[in-house]
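Colleague: coordinates for the following, if possible.
(one chain, ligands or ions: 2)
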Amino acid sequence: MVEEKIKQLFAKYPSSIYGFTCISYSAYASQYKSALVFAVPYGEQLTISDYTEERFERGIQAAKETVEEILLQIEEILHQQNVKYDIPPVAQNNEEELVAPFSFKYAAVNAGLGWIGKNDVVITEKYGPRVRLSAILIDSPFTYGQRIVQSNCPDSCKKCVEICPCHALHDVKWDIDTLRNDIIDYQLCNLKRSLYIKKYGRKNACGLCMAACPIGINSDRVYSD
Ligand code: SF4
Ligand code: SF4
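Modeller: Ligands and ions are numbered 1, 2, ... in the order given. Model (predicted):
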């Protein structure tokens, strides 16, 4: 019943990709059986030829609004069905460890939404890395997606690695046992982007390693469900 209602909701957002995963691997396993993970495409699917940081940031914000809209409706469904749930925070607990309490990326891989690219973000077949991820922990079983355990990046591709202005990416092809630190110096990426805060009041969105990615660039370029 809950699964059916969630499917009906996503039918109203055909651009979005979603899936369910068992979270027995997670610290939340004693409280929730599953996670619903979904990916909303950025408002514009920018490539390097049309990239500007401002456009990239606007695309993220547009996707964020759609994510919030979808989350509100999922909450409504779960309230009505009297199912326990929690929306884990997107952001990291603190600026030192930079680790979120529940990894949306790992959940997305487990739900079969995509793999992790050499840029350390989830790569979907349809949009490449140009998506905003969200997840909700739900205390109910679902039909789970097929876990992805290996990268589908082309063997010779390292466009993301080469374009990174601070050389934070280590040219490592992911599999399910790869650790984040093997792929990226996340502290360095975060530090460089944080230098923007003083002048602009927010981190630099950067995302050059996403705009450079060849996966998904044949999709339509503007989204608004
Ligand atoms: S977001 Fe920018 S700085 Fe960070 S890894 Fe990607 S290209 Fe490098
Ligand atoms: S740019 Fe190439 S290596 Fe990097 S994530 Fe995309 S496909 Fe993978």
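
Colleague: burial count for the residue of the chain found nearest ligand 2?
Modeller: The chain approaches ligand 2 most closely through G117 (2.5 Å), counting by Cβ to the nearest ligand atom. (Glycine included, C-beta is placed from N, CA and C.) By the criterion of other Cβ atoms under 10 Å, G117 has 26 neighbours.

Colleague: near ligand 2, which residues of this protein show up?
Modeller: Residues of the chain lying close to ligand 2 (Cβ under 6 Å from any ligand atom) are 117-119, 123, 153-154, 157-160, 212-215.

Colleague: run the chain-centre distance for the lowest-mean-pLDDT helix or strand in the chain.
Modeller: Lowest by mean pLDDT, DSSP states H and E among the helices and strands of the chain is helix 197-200, with a mean of 89. Computed by Cα atoms, centre = their mean, to the nearest Å, the chain-centroid distance of helix 197-200 equals 25 Å.

Colleague: so what's S194 closest to, chain neighbours aside?
Modeller: Spatial nearest neighbour of S194, chain neighbours left out: K203 (5.4 Å); criterion: Cβ to Cβ, 6 or more residues apart in numbering.

Colleague: quick one: the helix or strand harbouring Q80 to chain centroid distance?
Modeller: Using DSSP states H and E, Q80 sits within helix 53-81. Relative to its chain's centre, helix 53-81 lies at 12 Å (Cα atoms, centre = their mean).

Colleague: spatially central residue for the protein, please.
Modeller: L133 (3.3 Å; Cα atoms, centre = their mean).

Colleague: on the three-state scheme, that residue is what?
Modeller: Of the three states, L133 takes strand under DSSP: H, G, I helix; E, B strand; the rest coil.

Colleague: likewise L113?
Modeller: Secondary structure for L113, judged by three-state DSSP, is coil.

Colleague: doesn't T124 make contact with it?
Modeller: Yes - using Cβ atoms under 8 Å, L113 is in contact with T124, at 6.0 Å.

Colleague: so between the two, which is more surrounded?
Modeller: Ranked by neighbour count (other Cβ under 10 Å), L113 and T124 place L113 first, with 26 against 21.

Colleague: OK, contacts around that one?
Modeller: By Cβ atoms under 8 Å, 6 or more residues apart in numbering, L113 lies in contact with I17, Y18, G19, V37, F38, A39, V122, T124, G145, I148.

Colleague: which of those residues sit farthest apart?
Modeller: F38 and I148 (15.7 Å; Cβ to Cβ).

Colleague: list phi and psi for Y32.
Modeller: Main-chain dihedrals, Y32, degrees, to the nearest 10: phi -140, psi 140.

Colleague: all helices of the protein, in order?
Modeller: Per DSSP state H, the chain carries helices over the ranges 2-11, 53-81, 104-111, 159-163, 180-183, 186-194, 197-200, 208-211.

Colleague: let's see the pLDDT reported for the residue nearest to S194.
Modeller: As predicted, K203 sits at a pLDDT of 93.
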